[in-house]
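S.K.: whatever this is, show me its structure:
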Amino acid sequence: MDNNHSLDLSIIPKELELLLDIIKTDNDDSLEELKKELIAEIDWEFFLLLARHHRVYPVIYTKLIKIDNRMIPKNVIRTLFKEYQKNTFQMLHLSGEMEQVSKLFTENQIRLLFLKGPVIAADLYGDISLRTSKDLDILIPLDSLEKAEKLLLSIGYEKELVPNILNEWKWRYHHVVYYHPSRNIQLEIHWRLQPFPLREPKFNELWERKRIGSITSYPVYFLGNEDLFLYLVSHGARHGWFRLRWLLDIDKLYRKGLNFEIIKIIMKKYQNRHIVGQALILTSGLLKTPIEKGGGKLTEGSDSKKLAQNTLDFIKDTESLTNIMSTKYYKRYLSSLMSSLQKFLFCLILLYPSSSDAKTLRLPKSIHFLYFPLRPFLSAWRKTRKAR
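M.R.: Next comes the predicted model:
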């Protein structure tokens, strides 16, 4: 394997190495030349587990069926086919709902931008079946949130319960989840791209650079190239890049071509050069992304290199994000992504009352303001009880 930008890849298991080798092969001849000694030692159950965990099984399946390799067990191909087929139906299902929601919101004067889902799959991969999506992520202006909720409830969606003491949702969350029980579809309505205090462009700025999708008859809008790149970088970095699919998205978008003059302007304004460098180091080292074509200088700097190397611990693991987020290592990593100002603002948010305080000590709504001075004591009390 390549070891670009000083990434130490010795810590990744051989099954993940094979997964990466398959992803980054460009033609059938290269696939035929996959390391035979590596394939002979593979734990195929673990290989399939990694393919599912990293959400790259559609790409893996479409590459493996092009070769006649008796060293790959038939049950592996059959399993990948079933997953690929199921995902294709899911993406078609989401495509239909995406178009309907776009029509519903637009006809009711709500501007919306799709952040992920089928429209992104078509744009990056040229085929919606090659990317997985479990839900639809939509960005709208904050002042349209109440109107959007009424529309969704009117067509059968149900809102996930969001804890709310003194409007804490505005500070602690950046999206709310809705679920349609009969359609079996989940929507995430965002009013921010990322959680506060991460800095980001305003909705109007993103709207000016929007693009229109090509897979629906009714217009569906999504982020411009550079905005999509920076959003995917921020999203992947915040989650520790624990799914390869996010890096594959970056690779596809990078190879399509990006205007790095625009990216540099946005990066300077929102102070996220270090995570852009992290993403490019990872895609170059793991997927052979040719970053020298425009973004090579963005990988310079010890911060980006350190962040990239630290992320490999998340990539090689198969834990869920929930489990990863509970570790002290992840919390230290997340802190390393923030500037000094962002760390300060994050600490201020921790002082804001939460639903946990209300569970610890129930107060009448009229005196909820007392949760502000009481929060440090309530938090200490919870930790004391947990330690017993």
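
S.K.: all helices of the stretch 101-250 of the chain, in order?
M.R.: 118-125, 145-154, 169-172, 203-208, 225-238, 244-256 (DSSP state H, counting those that start in this stretch).

S.K.: P219: which of those helices is closest?
M.R.: Closest to P219 of the helices of the stretch 101-250 of the chain is helix 118-125 (C-beta to C-beta; 10.7 Å). (Each C-beta comes from the backbone N, C-alpha and C, glycine too.)

S.K.: extract the C-alpha trace of that closest one and format it as CSV.
M.R.: What follows is helix 118-125, C-alpha atoms only, in CSV (Å, rounded to 0.1, in the frame of the first residue of the first chain):
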residue,chain,number,x,y,z
PRO,A,118,-29.6,10.3,-4.0
VAL,A,119,-28.9,13.7,-5.5
ILE,A,120,-25.4,13.5,-4.1
ALA,A,121,-24.9,9.9,-5.2
ALA,A,122,-25.9,10.8,-8.8
ASP,A,123,-23.6,13.8,-8.8
LEU,A,124,-20.5,12.1,-7.4
TYR,A,125,-20.9,8.5,-8.7
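
S.K.: run through the neighbouring helices and strands of it.
M.R.: The helices and strands touching helix 118-125, judged by 3 or more C-beta pairs under 8 Å, 6 or more residues apart in numbering; DSSP states H and E, are helix 74-107, strand 221-222, helix 244-256.

S.K.: and that helix with helix 244-256, angle?
M.R.: Interaxial angle, helix 118-125 versus helix 244-256 (axes from the mean of the first three to the mean of the last three C-alpha atoms, to 10 degrees): 60 degrees.

S.K.: shaky segments in the stretch 151-300 of the chain?
M.R.: The stretch 151-300 of the chain contains residues with pLDDT under 70 at 163-172, 293-294.

S.K.: one more pass at 90, please.
M.R.: 160-174, 194-200, 259-274, 290-300 (pLDDT under 90).

S.K.: sorry, back to before: generate TSV for the helices of the stretch 101-250 of the chain, with distance to M267 and mean neighbour count as supplementary columns.
M.R.: Output for the helices of the stretch 101-250 of the chain, formatted as TSV (distance: least, C-beta to C-beta, whole Å; neighbours: other C-beta atoms under 10 Å):
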stretch	distance to M267	mean neighbour count
helix 118-125	21	23
helix 145-154	28	14
helix 169-172	25	16
helix 203-208	14	15
helix 225-238	7	22
helix 244-256	15	21
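
S.K.: for M267, give me its contacts.
M.R.: By C-beta atoms under 8 Å, 6 or more residues apart in numbering, M267 lies in contact with 230, 273, 276.

S.K.: one more time with 7 Å
M.R.: By C-beta atoms under 7 Å, 6 or more residues apart in numbering, the contact list for M267 reads 273, 276.

S.K.: got it, and A308?
M.R.: Contacts of A308 (C-beta under 7 Å, 6+ apart): 7, 278, 281-282.

S.K.: out of those residues, which comes closest to G295?
M.R.: Checking the contacts of A308 against G295 by C-beta to C-beta gives I281 as the nearest, at 10.2 Å.
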